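Peer 1: only the shape, not the letters, is given here:
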């Protein structure tokens with residue numbers, strides 16, 4: 001029997017808005033980050049992208065454990081913000097809002113115009129990347145964790161996950177269209193160091209645009225009031241009895257609000273879990289590689305123009 005979604009439209013679409021800022025930043029980072037740092041720093045530009053991905057990898061694991069810590073002081077503190085996950089989400093959003101405009105900015109022209117103090121530019125850029133990746137990770141993990149917090153059955157989870165992916169596609173389209181219009185306004189047909197200001201301006205615009213979506217998310221999603229009370233009780237009961245009774249492999253989240261917990265080391269023994277992780281990792285790797293290297297390949301290998309309409313506009317002007 002197909003279950004009916006218990007969440008209203010406001011909750012479903014409000015939840016999708018919560019990850020748009022992250023997706024906007026990720027689209028710029030993966031699609032234009034490597035291209036931007038190559039323009040700014042030449043051959044060593046790839047080091048900044050590698051550093052950002054290393055920070056993201058470690059931050060995901062570290063903050064994944066931190067989010068599972070139910071310290072009573074943290075719960076009480078974040079209770080004023082609407083819930084634990086919502087509180088962490090606000091912190092991650094603030095960090096991303098402050099750091100992302102510096103991650104892709106005109107600091108090369110502001111601080112390093114005469115190449116006198118290149119280390120200052122490197123240090124500020126590395127710090128901005130470090131902070132932006134941490135803020136991005138916190139928002140991603142908290143937003144994903146809210147799916148189980150808000151859903152009462154499998155239909156709810158399918159709806160929330162689908163809208164989350166739809167928001168990701170929407171964010172990518174916004175970024176591509178924005179760069180298509182802004183790069184078309186420059187006089188040169190190919191990318192050059194003079195286009196750094198376009199990247200910086202777009203980074204700032206995306207930050208403001210993403211923050212608006214975050215505010216909509218916070219105004220429509222209320223973690224405390226939307227959480228399923230019966231699910232909370234069951235989790236508490238299972239946790240108290242877990243030390244004496246090891247659950248069966250088939251026990252998992254079902255369609256009757258029942259949620260079962262496993263110990264961390266138990267997941268490594270599950271074949272379906274390892275298979276899912278491997279398939280997901282390969283799909284993410286394929287997507288990220290295509291996003292990162294396609295713009296670079298088009299510009300640096302095929303030497304294509306920035307936008308397809310450049311010649312068309314020139315002909316009209318003539």
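Peer 2: In hand now; what should we look at? Remember, predicted model here, so these are calculated numbers, not experimental data.
Peer 1: pull out the buried positions in stretch 140-151.
Peer 2: Of all the residues in stretch 140-151, those buried under the rule 16 or more other CB atoms under 10 Å are 140-151. From N, CA and C alone the C-beta is placed, and that goes for glycine too.
Peer 1: closest to residue 39 out of those residues?
Peer 2: Taking CB to CB as the measure, residue 39 sits nearest to residue 140 out of the buried residues of stretch 140-151, at 27.6 Å.
Peer 1: not counting sequence-adjacent ones, nearest residue to the closest one?
Peer 2: residue 22 (5.6 Å; CB to CB, 6 or more residues apart in numbering).
Peer 1: how many other residues sit next to the one you found?
Peer 2: Per other CB atoms under 10 Å, the neighbour tally for residue 22 reads 25.
Peer 1: next one: the one 4 residues further on
Peer 2: Using other CB under 10 Å, residue 26 has 21 other residues around it.
Peer 1: show me the contacts for it.
Peer 2: By CB atoms under 8 Å, 6 or more residues apart in numbering, the residues touching residue 26 are 136, 171.
Peer 1: distance check, it against residue 173.
Peer 2: 13 Å (CB to CB, to the nearest Å).
Peer 1: and residue 25, by the same measure?
Peer 2: Counting by CB to CB - residue 25 and residue 173 are separated by 15 Å.
Peer 1: any stretches of this protein with poor pLDDT?
Peer 2: 1-3, 70-83, 108-117, 187-189, 224-265, 300-318 (pLDDT under 70).
Peer 1: now the helices for it?
Peer 2: In the chain, the segments counted as helices under DSSP state H are 9-17, 20-41, 46-68, 72-78, 84-103, 107-111, 118-150, 154-184, 196-220, 223-226, 229-241, 271-300, 310-317.
Peer 1: most tightly packed of those helices?
Peer 2: Greatest average neighbour count among the helices of the chain goes to helix 20-41 (a mean of 23), per mean count of other CB atoms under 10 Å.
Peer 1: now the angle from that helix to helix 84-103?
Peer 2: 20 degrees (axes from the mean of the first three to the mean of the last three CA atoms, to 10 degrees).
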